[in-house]
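> For reference, the sequence and a predicted model appear below.
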Amino acid sequence: MKYISTRGQITPAGFKDAVMMGLATDGGLLLPQHIPHLDQETLAAWQKLPYRELAFEVVSLFADDIPPGDLKRLIDRSYDSFDNKEITPVVRENGVYILELFHGPTLAFKDVALQLLGNLFEYLLKERGRKMNIVGATSGDTGSAAIYGVRGKENINIFILHPHLKTSKVQALQMTTVLDANVHNIAARGTFDDCQNIVKALFNDLPFKEKYALGAVNSINWARVLAQVVYYFYAWFRVADQGGSDIVFSVPTGNFGDIFAGYVAKRMGLPIRKLLLATNENNILTRFINEGDYSLGEVVQTVSPSMDIQLASNFERYLYYLFDEDPARVRDAFAQMALSGRIEFNAAELARVREDFVSRTVNQAETLDTIATFREKTGYLLDPHTAVGVRAAQELVPADATPICLATAHPAKFGEAVQRATGIAPPFPASLSGIDRLPSRCDILDADLAVIKAFIEEKAL
């Protein structure tokens, strides 16, 4: 399997090189040259597989330059830290299925991919006798998951930018209380979009990227998306076993990475009826799907801070397919975006979008109401991001379809919002006990490219 750029200006690369490259050297995002399409016999053979074995089958299709035995060991080790043997169990509550993606070490869906990516980096660096400085941006969950994926690992430094005072308290503590020497937390005075733009600029500075051996953990790294494809298959199989049919996945998203993994699963032949894209007030993606309006607005701070994003980095991967795999059209679209702050679409393109996606914006009042009413009916606590997906599913999934809602984080990570909605604080899992009393370390810097570059230059391996 070879990998190409959405912008069409790199030599095709193998999976291992794609992992190490992160962002393509032409500024685009990496994708496989083709997405394998599975027949019914293969889907039937996979239906009963436990999670780790299913992950091996899916990832093997895209990572054929890693020996199977090595890949199996990497996958097995990546999920040893999860507290549920199913890794991503599915539960049924109040007429919807909930795919629990928060059983990893940092209690968020990012662990599913970043535990694997950390192990892949360590494996490839050892194989190549190299060192790496990982640089990433986070709206809250990617940072801690990435840090836990590589903390203490040899030949790796990690620099994580998060927007200062714009994550939840627990999200910030999960990052800043990790004191390993190879971990560098940067609280940038700005928004997540500022952080993400700085990271992309660093990767697009090719001499800087090469000199400091930059590696990517954000979902610009294809391995992130690939690892997340697995749980769409796993959940679909489990719900189908229980009699669910015409399955709709409801995905709370701001950066389009998680739902793009579902789109890949659908292109592979998983019979998903629709992908429901749920947003908060930062709803550029909902405006795109419902109105054809992909234009930048101001970031609004909400009770679901991991979705407080305007510019969705993974959207470019989807556009590559929407534009019939034409990299010139992708390049033109982002040139237009740079000039006008928007991308235009024709009627035929928007009709194709709506074949795969439906979307709804869920505001803060609706989010808090959903947390409260869901608990009253079931006793089950939703975090505010999951509540966005549940509310959208309640409103948009038709009666003849079966909703699976992605639970992207443990409610204790957003205790203030849950307590505001329900009047009770969610119980802290053991992994968070006493976290507010631990020593912490963080550098507060301006969201300025030159400032961040100077910091990395000083601390890099």
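That came in fine, so what should we check first? Residues are numbered from 1 along each chain as shown.

> Now do the same for the residue lying closest to residue 106 once chain neighbours are set aside: its pLDDT.
What sits nearest to residue 106 in space, not counting adjacent residues and going by CB to CB, 6 or more residues apart in numbering, is residue 144, at 4.3 Å. For every residue, glycine as well, the C-beta is placed using N, CA and C. On pLDDT, residue 144 comes in at 94.

> same deal with the one 5 residues further on?
Taken from the predicted model, the pLDDT recorded for residue 149 is 93.

> Would you mind identifying the next helix or strand past the helix or strand containing it?
Per DSSP states H and E: residue 149 is located in helix 141-150. Downstream of helix 141-150, the next assigned helix or strand under DSSP H and E is strand 156-163.

> Show me what the helix or strand just after that following strand is packed up against.
Downstream of strand 156-163, the first helix or strand assigned by DSSP H and E is helix 169-176. Packing partners of helix 169-176 (3 or more CB pairs under 8 Å, 6 or more residues apart in numbering; DSSP states H and E): helix 141-150, strand 156-163, strand 183-189, helix 415-422.

> from the chain's centre, how far out does the second one sit?
Taking CA atoms, centre = their mean, to the nearest Å, one finds the center of strand 156-163 at 16 Å from the center of the full chain.

> Run through the neighbouring helices and strands of it.
helix 110-128, strand 132-137, helix 141-150, helix 169-176, strand 183-189, helix 192-204, helix 449-459.

> circling back to that earlier point, so what's the residue nearest to residue 106 up against?
106, 108, 110, 138, 171, 174, 175, 178 (CB atoms under 8 Å, 6 or more residues apart in numbering).

> Then residue 301?
Applying CB under 8 Å, 6+ apart, the residues near residue 301 are 166, 308.

> Tell me the confidence at it?
93.

> do the same with the one 10 residues further on
Listed pLDDT for residue 311 reads 85.

> what's the spacing between it and residue 384?
From residue 311 over to residue 384 the distance is 22 Å, taken as CB to CB, to the nearest Å.

> now swap in residue 156 and tell me
For residue 156, the distance to residue 384 - CB to CB - is 32 Å.

> Comparing those two, which shows the higher neighbour count?
residue 384 (31 against 22; other CB atoms under 10 Å).

> so the more buried one touches residue 365, yeah?
No: between residue 384 and residue 365 there is no contact under CB atoms under 8 Å: 11.8 Å.

> pLDDT weak spots in the stretch 251-400 of the chain?
Along the stretch 251-400 of the chain, no part satisfies pLDDT under 70.

> what are the ranges of the helices in it?
257-267, 284-291, 315-322, 327-340, 347-356, 364-378, 384-396 (DSSP state H, counting those that start in this stretch).

> hmm, back to that, select from the contacts of residue 144 the one having the most neighbours.
residue 110 (34 neighbours).

> isn't that one right up against residue 140?
No: the criterion here is CB under 8 Å, and residue 110 misses it with residue 140 at 9.3 Å.

> The closest residue to residue 247 other than its chain neighbours: neighbouring residues, count only.
The shortest distance from residue 247 to any non-neighbouring residue, by CB to CB, 6+ apart, is to residue 402 (5.0 Å). Number of residues near residue 402 (other CB under 10 Å) recorded here: 20.

> And residue 402, how far from residue 60?
29 Å.

> want to try JSON lines for the helices of the stretch 251-400 of the chain, with distance to residue 449 as columns?
Formatted as JSON lines, these follow (distance: least, CB to CB, whole Å):
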{"stretch": "helix 257-267", "distance to residue 449": "23"}
{"stretch": "helix 284-291", "distance to residue 449": "23"}
{"stretch": "helix 315-322", "distance to residue 449": "21"}
{"stretch": "helix 327-340", "distance to residue 449": "16"}
{"stretch": "helix 347-356", "distance to residue 449": "33"}
{"stretch": "helix 364-378", "distance to residue 449": "32"}
{"stretch": "helix 384-396", "distance to residue 449": "29"}
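
> Quick one, which of the ones you listed gets closest to residue 438.
Nearest of these to residue 438, taken as CB to CB: helix 384-396 at 24.5 Å.

> neighbours around the closest residue to residue 205 other than its chain neighbours, how many?
Excluding its sequence neighbours, the residue lying closest to residue 205 (CB to CB, 6+ apart) is residue 453, at 8.0 Å. Neighbour count of residue 453, defined by other CB under 10 Å: 16.

> Please tell me how far residue 453 sits from residue 23.
Using CB to CB, we find residue 453 at a distance of 16 Å from residue 23.

> what's the answer for residue 106, then?
Relative to residue 23, and taking CB to CB, residue 106 is found at 24 Å.

> can you check residue 220 too?
5 Å.

> Identify the contacts common to the two.
Contacts common to residue 220 and residue 23, judged by CB under 8 Å, 6+ apart, are 29, 200, 203.

> which of those count as buried?
29, 200, 203 (16 or more other CB atoms under 10 Å).

> Run a quick neighbour tally on the residue nearest to the second one when sequence neighbours are not counted.
Think residue 200. In space, residue 200 comes closest to residue 23 once its chain neighbours are excluded; the distance is 6.8 Å by CB to CB, 6+ apart. Residues near residue 23, counting by other CB under 10 Å, number 22.

> Residue 23 touches residue 29, doesn't it?
Yes: between residue 23 and residue 29 there is a contact at 7.0 Å, judged by CB under 8 Å.

> any common contacting residues for those two?
residue 220.

> Need the contact partners of stretch 355-372.
Residues outside stretch 355-372 that contact it (CB under 8 Å, 6+ apart): 259, 263, 266, 274-281, 283, 285-286, 289-290, 302-304, 381-382, 384, 387-388, 390-392, 394-396, 417-418, 420-422.

> Can I get the buried part of those residues as one PyMOL selection?
Typed into PyMOL, the line below selects the buried ones among those, using 16+ other CB under 10 Å:
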select buried, resi 259+263+266+274+275+276+277+278+279+280+281+283+285+286+289+290+302+303+304+381+382+384+387+388+390+391+392+394+396+417+418+421+422
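
> List the contacts of residue 187.
Counted by CB under 8 Å, 6+ apart, residue 187 has contacts 162, 163, 164, 165, 172, 442, 443, 444, 445.

> can we see that at 7 Å?
162, 164, 442, 444 (CB atoms under 7 Å, 6 or more residues apart in numbering).

> Look up how far residue 136 lies from the closest residue in space to it that isn't next to it in sequence.
Nearest residue to residue 187, sequence neighbours excluded (CB to CB, 6+ apart): residue 164, at 3.9 Å. For residue 164, the distance to residue 136 (CB to CB) stands at 16 Å.

> Settle it for me: which of these two has more neighbours?
Neighbours per residue (other CB under 10 Å) separate residue 164 from residue 136, with residue 136 holding more: 26 against 19.
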